[in-house]
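S.K.: need a 3D model of the sequence below.
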Amino acid sequence: MEHDHAHKHGDNCLEELSKKYTEYIESHLDTLREKCAHINVCINVLLEKGNSLSVIGGYDLRLNKTCSLVYKNSYETFGNFTDKCTSVDREDIRDDIEQHLQHQINVLEWKNVKRCLDNKFGDTERSSYVDEICGLAHNKTQICSGTSAQAHNRVKNFFNDQLHHLTCTCRALKINETSSHVSIPILAAAVAGGVLLLLALFAIGFICYRRRKSQKRKAQAPSVIYVQAPGTES
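M.R.: Reported below is the predicted structural model:
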């Protein structure tokens, strides 16, 4: 049985903030930063619950582990996780994964995953792929029995990729916020430097003007000839 430990996401965060909603992001920066802080708490707790050596090595978390964060049971309630991560925060993470799953499930490379879910739950339109996948992962080591590990690993990697994407997007938000604050002192320093330069140029110009004016006065002054008085010796 194949065990794929390679993850598609890189070690570096390459996500950039969407230019489409720049105005909204700038206007609600504090609120979005607070939301990101809550999401990061949830993901950090998930990592704490995982295998430390796997986390250090950069391997993906097991599917049933990531599902423990976002899975809702038949009563539409989350299982126990931690008080640090609220149900609202878990719902936000779950919705993000679900939204991407709805698009990903029809990709050609996912045909084995889609066939597996259709065989289990029928091919009718469903409201939550997350619950179907996590329900299978909760009871089985492989979500699709009798098939290769490819479908299971593809879903496992996808869940990990989405959590990594969320973390990186929030980091990009923090970098953007930091840059906006850094630009203020830089702008102030530039203005102050410009003012000092103008003052220096004014002082130099004033000194040159006074010197030229003094030289002009000397050039225009009448020449005085002293005549020796009669009977005096030179």
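
S.K.: residues making contact with stretch 73-93?
M.R.: 35, 38-39, 41-43, 45, 68-72, 163, 166 (C-beta atoms under 8 Å, 6 or more residues apart in numbering). C-betas here are computed from N, CA, C, even on glycine.

S.K.: do you know the pLDDT at the residue nearest the centre of the chain?
M.R.: By C-alpha atoms, centre = their mean, the chain has its centre lying nearest to A172, at 1.6 Å. For A172, the pLDDT comes out at 85.

S.K.: state the helix or strand in which it lies.
M.R.: Following DSSP states H and E, one finds A172 within helix 150-220.

S.K.: circling back: hmm, which of the contacts of stretch 73-93 is lowest in pLDDT?
M.R.: For the contacts of stretch 73-93, the pLDDT minimum is K72, 87.

S.K.: so how many other residues sit close to it?
M.R.: By other C-beta atoms under 10 Å, 18 other residues sit near K72.

S.K.: try N40
M.R.: If we define neighbours as other C-beta under 10 Å, then N40 has 16 of them.

S.K.: that one: what's it in contact with?
M.R.: T167, C170.

S.K.: that one and F121: what is the separation?
M.R.: Distance from N40 to F121, counting by C-beta to C-beta, to the nearest Å: 33 Å.

S.K.: quick check: closest non-adjacent residue to V55.
M.R.: L47 (5.4 Å; C-beta to C-beta, 6 or more residues apart in numbering).

S.K.: neighbour-wise, which of the contacts of stretch 73-93 leads?
M.R.: Counting by other C-beta under 10 Å, top hit in the contacts of stretch 73-93: V70 with 27 neighbours.

S.K.: now do the closest residue to that residue other than its chain neighbours against T66, distance only.
M.R.: Computed as C-beta to C-beta, 6+ apart, the closest residue to V70 that is not its neighbour in sequence is R94, at 3.9 Å. Per C-beta to C-beta, R94 is found 11 Å from T66.

S.K.: same question, H164
M.R.: 11 Å.

S.K.: who's more crowded, those two?
M.R.: When neighbours are counted by other C-beta under 10 Å, H164 and T66 differ, and T66 comes out ahead with 25 against 19.

S.K.: so how far is L46 from the more buried one?
M.R.: Distance from T66 to L46, by C-beta to C-beta: 7 Å.

S.K.: over to I133?
M.R.: Taken as C-beta to C-beta, the span from I133 to L46 is 16 Å.

S.K.: what do you get for T86?
M.R.: T86 is 14 Å from L46, by C-beta to C-beta.

S.K.: least confident secondary structure element in the chain?
M.R.: For the chain, using mean pLDDT, DSSP states H and E, the weakest element among its helices and strands is helix 150-220, scoring a mean of 71.

S.K.: quick one, which of I133 and L46 is more surrounded?
M.R.: Counted by other C-beta under 10 Å, I133 and L46 do not tie: I133 has more neighbours, with 27 against 21.

S.K.: now the helix or strand containing that one: buried residues?
M.R.: Using DSSP H and E, the element containing I133 is helix 129-139. Neighbour-count burial for helix 129-139 flags Y129, V130, D131, E132, I133, C134, G135, L136, A137 (criterion: 16 or more other C-beta atoms under 10 Å).

S.K.: right, and the first one touches C116 too?
M.R.: No: between Y129 and C116 there is no contact under C-beta atoms under 8 Å: 11.4 Å.
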